[in-house]
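# coordinates only, sequence not included:
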C-alpha cells in the first residue's frame, strides 16, 4: 500500500529523528578531536593484550566508524540534498547495518575467550580477502597467507582456543544473526532488513517488486506487466531504523567494554 503525502512526510520526519542520532558519533570519529581509549583493566584493554597485534578495540571502532559514515552519507542525501533514490539508499543502510552488527558481534560475549575467538575469525576473514586481492593484482606481501593465519592460531593456542576454530570462515549472515540475537525482538527483523537491502544492492527482481512502490500501467501485452517504479519511504524507514538501532547498541557495548573493571 502506497503512503499518502502526509504519511510520507511523517515517515521522513521520524527517519531524520533516528538519523540525527549520529551527531555524537560523528564527534567521536573526528580525527581532530580527542579519542578516548579503553581504560586500563577494562575488558577491551585486556582483550587487546591477549590478541595483540590484532586489537579487538580497533576492530570494533573501525566497524562502528564505517557504520556511522554510511549513515551520515544517507542523511546528507535525504535530509540535506532532499534526494530520494529508488535503490541506492538501501546499499548505504546495508553497509551501516553490516558494520554495526560486526561491532556488536565482536563485543557482545561476556566470556573473554568467546570475544577473542570472534576477533581471530574476523581477522582471518580480512586476511583471506586481502590475499585474494593480492593474487588478483599479481603481487605478494612480506608474509604468506599461511604465515599470517599461523600467527592467529598461535594466539588461539596460548589462550586455550581451538586453532582450527580461530581461522574458521565467518560471513555476514552469521554475524548479523548473532548480533540480532542480542537485540530486543531477536534477530529476525535484522536478518530480514539485511537480506532486503542486500537484494536491492544486487538488483534482485524479487526485492524490487516487494520493497519499492510500483503502479501497474495500462497497455501491456497479455501476460506482461508494465510497472512504474518509485521510491518507497516506508521500507527505507525500517532499514534506517534497524541500522541505527544496531549502531546504537554497538556504541553502548564499546563504552561498556572500555570502562574500568574493579576486578
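Arrived safely. Note that the structure is predicted; figures quoted are calculated from it, not measured.
# Would you mind measuring from residue 43 to residue 56?
Distance, residue 43 to residue 56, by C-beta to C-beta, to the nearest Å: 9 Å. All C-beta atoms are positioned from the backbone trio N, CA, C, and that covers glycine.
# Name the residues contacting each of these two.
Shared contacts of residue 43 and residue 56, defined by C-beta atoms under 8 Å, 6 or more residues apart in numbering, comprise residue 115.
# Neighbour count for those two, which is higher?
More crowded of residue 43 and residue 56, by other C-beta atoms under 10 Å: residue 56, with 29 against 22.
# For the more buried one, report the pLDDT, please.
pLDDT, residue 56: 98.
# show me the residues around it that make contact.
Under the criterion of C-beta under 8 Å, 6+ apart, the neighbours of residue 56 are 44, 47-48, 106-107, 115-116, 119.
# which of the residues you listed has the most neighbours?
That'd be residue 107 among the contacts of residue 56, by other C-beta under 10 Å, with 31 neighbours.
# which one is that one nearest to, not counting chain neighbours?
Nearest residue to residue 107, sequence neighbours excluded (C-beta to C-beta, 6 or more residues apart in numbering): residue 253, at 4.0 Å.
# Please enumerate the helices of the stretch 1-150 of the chain.
With helices called from DSSP state H, counting those that start in this stretch, the stretch 1-150 of the chain shows them at 5-19, 23-29, 43-51, 56-75, 88-107, 112-137, 145-158.
# should've said the stretch 151-263 of the chain
163-166, 172-181, 188-202, 205-211, 233-258.
# now, of the ones you listed, which is deepest in the fold?
helix 233-258 (a mean of 21; mean count of other C-beta atoms under 10 Å).
# Could you list every helix and strand in contact with it?
With contacts taken as 3 or more C-beta pairs under 8 Å, 6 or more residues apart in numbering; DSSP states H and E, helix 233-258 sits against helix 5-19, helix 43-51, helix 56-75, helix 88-107, helix 172-181, helix 188-202.
# The fifth one relative to helix 88-107, how many degrees between them?
It refers to helix 172-181. Helix 172-181 and helix 88-107 are oriented at 70 degrees to each other (axes from the mean of the first three to the mean of the last three C-alpha atoms, to 10 degrees).
# Just the residues contacting helix 172-181, thanks.
By C-beta under 8 Å, 6+ apart, the surrounding residues in contact with helix 172-181 are 97-98, 100-102, 104-105, 108, 186-191, 194, 246, 249.
# ok, back up a step: of all the helices of the stretch 1-150 of the chain, which gets the most neighbours per residue?
Buried most deeply of the helices of the stretch 1-150 of the chain, by mean count of other C-beta under 10 Å, is helix 88-107, with a mean of 26.
# who does that one touch, helix- and strand-wise?
Counting contacts by 3+ C-beta pairs under 8 Å, 6+ apart, helix 88-107 packs against helix 56-75, helix 112-137, helix 172-181, helix 188-202, helix 233-258.
# Let's have these in CSV, adding distance to residue 8.
Listed next are these as CSV, based on distance: least, C-beta to C-beta, whole Å:
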stretch, distance to residue 8
helix 56-75, 17
helix 112-137, 39
helix 172-181, 28
helix 188-202, 19
helix 233-258, 5
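# Minimum distance to residue 12: which of those helices has it?
When these are ranked by distance to residue 12, counting by C-beta to C-beta, first place goes to helix 233-258 at 6.1 Å.
# From the chain's centroid, how far away is the closest one?
9 Å (C-alpha atoms, centre = their mean, to the nearest Å).
# Alright, that wraps it up for me.
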